[in-house]
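Visitor: Quick one, what's the 3D model for this:
(chains A and B)
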Amino acid sequence: MLEVNALAVAYGDVQVLWDVSLRVEQGEIVTLLGANGAGKTTLLCAISRTVPVRGGTIVLSGERIDRAPSARVVELGIAHVPEGRRLWPDMSVEDNLLLGSYPRRARADVRGSLEYVFGLFPRVAERRAQIAGTLSGGEQQMVAIARGLMSKPSLLMLDEPSLGLAPIIVTELFETIRRINAAGTTVLLVEQNVLQALEIATRGYVVETGRVVSSGTRAELLASDEIKKAYLGL
Amino acid sequence: MSYGLALIYGVLKIINLANAGFLMLGAYVTWWLFTAYHVDPLLAPLVIIPVFFLIGVGLERTLVRRVLGSEPIISLLLLFGVWLVLQNLAYVIWTGDTRSIENSFIESTVKLGGLQLSIPRLYVFAMGVLSLIALQLFLTRTYLGRAIRATAQDRDAARLVGVDVDRVMGIAFGIGIALAGFGGSLLSLLFSFTPDFGRVLSLKSFCIVVLGGLDSIVGVAFGSVALAIAEAFGVRYMPASMQDLISFVVLVVVLVALPKGIVGTLRSLRRG
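Guide: Purely as a prediction, here's the structure:
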């Protein structure tokens, strides 16, 4: 459903991504692995069109989106849950969620979407009237994912969802990602938590200094010596 | 009028120095519609609000957008320039003579429990409250309103949920200008005016907006009340001619003591 081809991205004179190609098929959980600063976040931002693309193509379900405005990308069904959650801290949880269904496509069924995300995150339902900035980190992450789901995406992109969360919450979070995927949403996941990410992923790509250096299915990546050494500390 | 200033600052992060110009223009258009076409001054906002909104959107698209990313001084100068242009335009069209609107409504009063109250003053006050409520409902209950708040709080996050941020900024600027025009139209019922109208008021609204917190509409309403009370009490202890001084003393005190404004300070306290 998503095809990135020979993508190049630069911030001014500093090139961040070189010749990055990857594909995500309907129903998969694809994970991007790699060290800090490798360009994973930039890759997601290029797909959601919040950073300019220098070269290459991005195609979503047959439509080229590498020149489209970000609003169009959301309308086509990509939701990007950014690193650091980026909620609107002075708004209520409910307003944050309602803004998630800003795209016209999602507005028709706001009630259904709310029911769905409250089912996934009962904690969010309890906190719906609270000001988002007063929630705990884990709760804010739930709201951020829920906000992404409110646009009824076919592809959900998660950037470091486990960052700064307690281990027990992280386990819960990965379980929830698996359930979101089982309900029919394709997932593209950027994670530092390599082992847990690989446990739920169908396939993965390893990004190093702006290039894709290897890729494979979960089994292949888990068996690879390089991955074991570099990311799993085995 | 202060609402418009707060809205534009909140969303675009620029201070609209041309606000006073549009306030003055709102007053003149009301007067001109009344004297030339016998349009009831109370109906003038029906024309002013949509027309000023479109002017605001156009101004944002043609001029303001170009300077949004640059240093604050650039947008300050640009909008100061717009104000000067508007002022001089008014001198050319309407000359520097003092104008005022006179009809039976302006002079009417009502007796309320022994107090003689001027009806236009009550009317202007009611309209101020009403527009606060309308604006607050718009900002909290509609998708567009929420998108405006979202853009004010975190532009990138707004982009990520599919908000067309450029469009929202144009609309916010348009609403800000429309509110300034509406404010001017209302004030023309109370005061006489020249093309310089709005200068002191504009400075006062900076004070109000700073007092209330630069991006909160409810805070702005608090700010106006607080300033009005400070001024009313101040008059008891100093000559009325020094009344305007109070605004600026308050401004300085607030900037030093509560740089986030009343609402901002409460928020940080609540968040701990």
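
Visitor: Please count neighbours and contacts with C-alpha atoms only from this point.
Guide: Fine.

Visitor: Show me what from chain A comes close to chain B.
Guide: Contact residues (Cα under 8 Å from any Cα of the partner chain) of chain A with chain B: A:48, A:50, A:70-75, A:79-81, A:86-90, A:95, A:99-103, A:133-134, A:148, A:151.

Visitor: ok now do the residue of the stretch 101-250 of chain B found nearest chain A, which residues does it touch?
Guide: In the stretch 101-250 of chain B, the residue that lies nearest chain A is residue B:162 (3.9 Å; Cα to the nearest Cα). Each residue near residue B:162 by Cα atoms under 8 Å, 6 or more residues apart in numbering or on different chains is listed here: A:70-75, A:102-103.

Visitor: By neighbour count, which of those wins?
Guide: The residue in those with the most neighbours, by other Cα atoms under 10 Å in any protein chain shown, is residue A:74 (30 neighbours).

Visitor: That one and residue B:191, how far apart?
Guide: Counting by Cα to Cα, to the nearest Å, the gap from residue A:74 to residue B:191 is 50 Å.

Visitor: quick one: the strands in chain A?
Guide: Under the criterion DSSP state E, strands of chain A are mapped to A:2-11, A:14-24, A:29-33, A:55-60, A:63-64, A:78-81, A:155-159, A:186-190, A:203-208, A:211-217.

Visitor: And these: which comes nearest residue B:59?
Guide: Among those, strand A:2-11 comes nearest to residue B:59, with 30.3 Å by Cα to Cα.

Visitor: tell me what the closest one is packed against?
Guide: Using 3 or more Cα pairs under 8 Å, 6 or more residues apart in numbering or on different chains; DSSP states H and E as the contact test, the elements touching strand A:2-11 are strand A:14-24, strand A:55-60.

Visitor: before we move on, the earlier item: let me know the closest of the contacts of residue B:162 to residue B:70.
Guide: For the contacts of residue B:162, the minimum distance to residue B:70 (Cα to Cα) is 22.7 Å, reached by residue A:70.

Visitor: what about the nearest residue to that closest one once chain neighbours are set aside, how many neighbours?
Guide: Spatial nearest neighbour of residue A:70, chain neighbours left out: residue A:49 (4.9 Å); criterion: Cα to Cα, 6 or more residues apart in numbering or on different chains. Neighbours of residue A:49 under the rule other Cα under 10 Å: 24.

Visitor: So residue A:49 is in contact with residue A:72, correct?
Guide: No. Under the criterion of Cα atoms under 8 Å, residue A:49 makes no contact with residue A:72, lying 9.2 Å away.

Visitor: can you list the weak-confidence ranges in chain B?
Guide: When residues are selected by pLDDT under 70, those of chain B lie in B:1, B:212-216, B:235, B:239-244, B:259-272.

Visitor: ranking the helices and strands packed on strand A:2-11 by burial, who's on top?
Guide: The highest mean neighbour count among these, using mean count of other Cα atoms under 10 Å in any protein chain shown, belongs to strand A:55-60: a mean of 19.

Visitor: got the contact list for it?
Guide: Strand A:55-60 is contacted from outside by A:1-9, A:19, A:47, A:64-66, using Cα under 8 Å, 6+ apart.

Visitor: Quick check: the farthest pair among those?
Guide: Farthest pair in these, by Cα to Cα: A:1 and A:9, 21.4 Å.

Visitor: between those two, who's got more neighbours?
Guide: The neighbour comparison of residue A:1 against residue A:9 (other Cα under 10 Å) goes to residue A:9, with 24 against 16.
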